[in-house]
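In: dropping a prediction and its sequence here:
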Amino acid sequence: MIQKISMEEINIIHKTQFGISFFWKSKKDKLQVVFRDTGFFLSVEEVKLFQKNVIEAVEQGCCSQCKTPKDCKSILLKTPSSKIELAVSKIELEEINTLLGATLFQLGLKKYLEVCAN
């Protein structure tokens, strides 16, 4: 089933040219992270795990024979789903890391401000 996103149905957490993270107003227990035409419906802990996987993939790097290491999609990124890995480039890893990191930062900031308000 194809689902169109209406801005009235979501609360944006973070948005870049590469992707977006948001909460569905009707489902507050998990958030949606969308990039490269792929959406992930994740808990905060799964977002943390995903970012950890991104950092590990950055350290892994490309194959030594690669002539275009930044653009080569030879890196397999583990997702929070044990059955799905994404073939990504170093540039995409940087973009994914930025999106996930900013998402976690915004969530932490929101939680902090809520505690300070009480």
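Out: Structure's in. What do you need? Owing to the predicted nature of the structure, the values given are computational and were not obtained by experimental measurement. Numbering: from 1, shown residues only.

In: pull the distance from the longest helix anywhere in the chain to the chain's centre.
Out: Taking DSSP state H as the criterion, the chain has its longest helix at helix 90-117. Offset of helix 90-117 from its chain centre (Cα atoms, centre = their mean, to the nearest Å): 10 Å.

In: and stretch 87-101, by the same measure?
Out: When distances are taken as Cα atoms, centre = their mean, stretch 87-101 is centred 8 Å away from the chain's centroid.

In: flag every buried residue along it.
Out: Buried residues in stretch 87-101, counted by 16 or more other Cβ atoms under 10 Å: 88, 89, 90, 92, 93, 95, 96, 97, 99, 100. (Glycine included, C-beta is placed from N, CA and C.)

In: pLDDT and distance to residue 79 added to the residues you listed, as a markdown table?
Out: Listed next are the buried residues of stretch 87-101 as a markdown table, based on pLDDT from 0 to 100; distance: Cβ to Cβ, whole Å:
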| residue | pLDDT | distance to residue 79 |
| --- | --- | --- |
| 88 | 93 | 11 |
| 89 | 90 | 16 |
| 90 | 89 | 18 |
| 92 | 93 | 13 |
| 93 | 94 | 13 |
| 95 | 96 | 15 |
| 96 | 97 | 10 |
| 97 | 96 | 14 |
| 99 | 98 | 14 |
| 100 | 98 | 11 |
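
In: can you give me the end-to-end distance of stretch 17-31?
Out: 19 Å (Cα to Cα, to the nearest Å).

In: check which residues of it are buried.
Out: Using 16+ other Cβ under 10 Å as the test for burial, stretch 17-31 gives 19, 20, 21, 22, 23, 31.

In: brilliant, that's me finished.
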